[in-house]
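> Got a sequence here, can you build the structure:
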Amino acid sequence: MPTDRNVFGSELEPCSTDPTTGFLRDGCCRRVESDRGRHELCAVVTEEFLQFSAARGNDLTTPRPELEFPGLEPGDRWCLCLARWLEAEEEGCAPPVVLEATHEAVLRDVEPDLLREHEYDRRERGDRSGRDPSSETESSK
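The predicted structure is shown next:
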């Protein structure tokens, strides 16, 4: 079985196990063919994003046990639907992205520079030294 890769081309890191995220609820933002929402982007949700999502009919704060969904709070890491993150980015409220835990398939639809603008670690620790999301990886060709 091939290893899932992140936007840097290295092994995909877990996004969160508390709460447990991912389409497969395995903690990772994997590319899964049956996932029409493409929950491949790991973000650290903010209050602003949670309100934005709720205003568009997707309440991410209310627990839904039947879907194994705990409800989110600001600061939680979660695998977001790619289209919703892009919509939030256009509206100026996209949450920060954990690039090491974001699947390389995201690069098919999001420019590496845009991901870097929203990088979670960069906000916390300053610029990264030489690590760049590749605009074309072997599995996305």
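
> and Glu89, what helix or strand is that in?
Using DSSP states H and E, Glu89 falls within helix 82-90.

> In the helix or strand following that helix, which residues are buried?
Remark: after helix 82-90, the chain's next helix or strand is helix 112-117, criterion DSSP H and E. Buried residues in helix 112-117, counted by 16 or more other CB atoms under 10 Å: 112, 115-116. C-beta: built from backbone N, CA, C; applies to glycine.

> Present these as JSON lines; the columns should include distance to Thr20.
Listed next are those as JSON lines, based on distance: CB to CB, whole Å:
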{"residue": "Pro112", "distance to Thr20": "28"}
{"residue": "Leu115", "distance to Thr20": "24"}
{"residue": "Arg116", "distance to Thr20": "27"}
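
> Between these, which sits nearest Gln51?
Leu115 (22.9 Å; CB to CB).

> For the closest one, report the pLDDT, please.
Looking at Leu115, its pLDDT reads 97.

> now swap in Ser129 and tell me
32.

> now do Glu124
Per-residue confidence (pLDDT) for Glu124: 57.
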